[in-house]
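[1] give the three-dimensional model of this entry:
(chains A and B)
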Amino acid sequence: GENVEQHPSTLSVQEGDSAVIKCTYSDSASNYFPWYKQELGKRPQLIIDIRSNVGEKKDQRIAVTLNKTAKHFSLHITETQPEDSAVYFCAASTPGAGSYQLTFGKGTKLSVIP
Amino acid sequence: ETGVTQTPRHLVMGMTNKKSLKCEQHLGHNAMYWYKQSAKKPLELMFVYSLEERVENNSVPSRFSPECPNSSHLFLHLHTLQPEDSALYLCASSLNPAGTAVGGELFFGEGSRLTVL
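    Take a look at the predicted model:
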């Protein structure tokens, strides 16, 4: 099955700096990569996603890049703000027999220091 | 508010108790899920229901028993649990199967924090 590795497990940045979280996946058939954000004590929520036919996608201060050859994808947050502090989960979706398998990484706890 | 409601939010139970977790969604979604979230571990998929039919059971011990009486409600029945079962149990729903690029976004509930003594 698919295996998703996520690094780093914790990340601290100064407010205004950029943050980068990286994920690698093992199954070359995976074709959809969502990112979820979970604030402390709250539910995970989808913040951005990318399909395998696209190399980069941006939404205001967040962007995701995908390198299919190397089988890795990354989340980039620019001009970080305290409200960006949360746990971020990457995931990879692998098509199967009439369905999809969504595999999550272990998560990255991002702390933005004011 | 994402439209997925879980009760109770917190539950403490002994190893011999029987309890149930409840999840409710009124988003018109076709699929519902139970995930287990433990510290320093990936989100673990437990069960998947699609159109009220269980389509996946991810090698979960039989002390966890899901029930989906209709497309809006999902239960997780718990009995004779172990301390290592203590975790946050998240319910989620999606319009299409999770992982589908269109309509596959997971909408999570707030979770039920379970402590097994």
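[2] need the phi and psi values for A:P82.
    phi -50, psi -30 (degrees, to the nearest 10).
[3] roughly how far apart are it and B:Y49?
    38 Å (Cβ to Cβ, to the nearest Å). All C-beta spots, glycine's among them, are computed from the backbone N, C-alpha and C.
[4] who's more crowded, the two?
    Each of A:P82 and B:Y49 had its neighbours counted (other Cβ atoms under 10 Å in any protein chain shown), and the higher figure belongs to B:Y49 (20 against 10).
[5] per-residue pLDDT, that one?
    Here the pLDDT value assigned to B:Y49 is 91.
[6] residues in contact with stretch B:66-77?
    Here stretch B:66-77 makes contact (Cβ atoms under 8 Å, 6 or more residues apart in numbering or on different chains) with B:18-26, B:29-30, B:32, B:34, B:46-47, B:49, B:51-54, B:64-65, B:89, B:91.
[7] go on, stretch A:11-27?
    So stretch A:11-27 is contacted by A:1-8, A:33, A:70-82, A:84, A:88, A:90, A:92, A:94, A:103, A:105, A:108-114 (Cβ under 8 Å, 6+ apart).
[8] go with 6 Å
    A:2-7, A:71-80, A:88, A:90, A:92, A:94, A:105, A:108, A:110-114 (Cβ atoms under 6 Å, 6 or more residues apart in numbering or on different chains).
[9] quick check: end-to-end length of that stretch?
    The first residue of stretch A:11-27 is 27 Å away from its last residue (Cα to Cα, to the nearest Å).
[10] show me which residues of chain A sit near chain B.
    Chain A comes close to chain B at residues A:Y32, A:R43, A:P44, A:L46, A:R51, A:S93, A:S99, A:Y100, A:L102, A:F104, A:K106, as judged by Cβ under 6 Å from any Cβ of the partner chain.
[11] list the ones among those that fall in strands.
    Using DSSP state E, A:Y32, A:L46, A:R51, A:S93, A:Y100, A:L102, A:F104 are the members of the residues of chain A next to chain B that sit in strands.
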